[in-house]
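Asks: predicted coordinates and the sequence they were generated for:
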Amino acid sequence: MSAGLKSAEARCETQGQKLTPARRRVLELLMKAGQPVKAYDLIGAFSEIAGETAKPPTIYRALEFLEREGLAHRIESLSAYVACRGDPGEHAAAFLICDCCGRTEEIAAPVDEALRGLAGQVGYTIQTVAIEARGRCLACREDPQAAHTHG
């Protein structure tokens with residue numbers, strides 16, 4: 001996690017941005033979680049770590065910044081956020097979401113360049129691409145009874 005935070009700080013610096021203490025704390029919480037986290041859950045966790053109460057606007061502003069800088073993704077269908085596990089910056093992310101246990105994996109979406117090219121042909125510039133695919137993870141397929149013991 002330390003390397004990830006240092007990488008995020010360096011990325012922000014090269015972009016002329018600052019990873020403020022609040023932004024850093026939110027990114028740290030997302031990295032620690034390893035799975036999608038709702039903004040309101042981040043508020044409680046933020047307060048535990050920082051020893052101060054975080055207001056919703058603080059968390060949402062930090063999440064918007066992290067998303068804009070390519071350090072986090074919003075998973076629309078879950079109304080939750082995850083730290084980016086791919087290369088930071090502009091890339092298409094695909095999320096595999098297990099309907100059984102809720103486990104989520106980020107993979108590179110193979111449509112990024114093709115989609116950007118097609119969008120460009122009709123005058124659009126794509127800022128972000130996120131694909132969500134739902135199904136069952138390997139553990140849930142192999143042992144449906146154990147679905148709630150992992151993830």
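Replies: Ah, there it is. Numbers count the residues shown, from 1 in each chain.
Asks: tell me the mean pLDDT over stretch 54-65?
Replies: Regarding stretch 54-65, the rounded mean pLDDT is 92.
Asks: ok, Arg136 touching Cys100?
Replies: Yes: using C-beta atoms under 8 Å, Arg136 is in contact with Cys100, at 5.3 Å. In this view, the C-beta of every residue, glycine as well, is placed from N, C-alpha and C.
Asks: show me where the protein has its helices.
Replies: 2-14, 21-33, 39-50, 56-68, 112-121, 138-142 (DSSP state H).
Asks: comparing these, which comes out most buried?
Replies: Most buried of the helices of the chain by mean neighbour count (mean count of other C-beta atoms under 10 Å) is helix 21-33; its value is a mean of 20.
Asks: which residues does Val26 contact?
Replies: With contact set as C-beta atoms under 8 Å, 6 or more residues apart in numbering, Val26 has these partners: 42, 46, 59, 62-63, 66.
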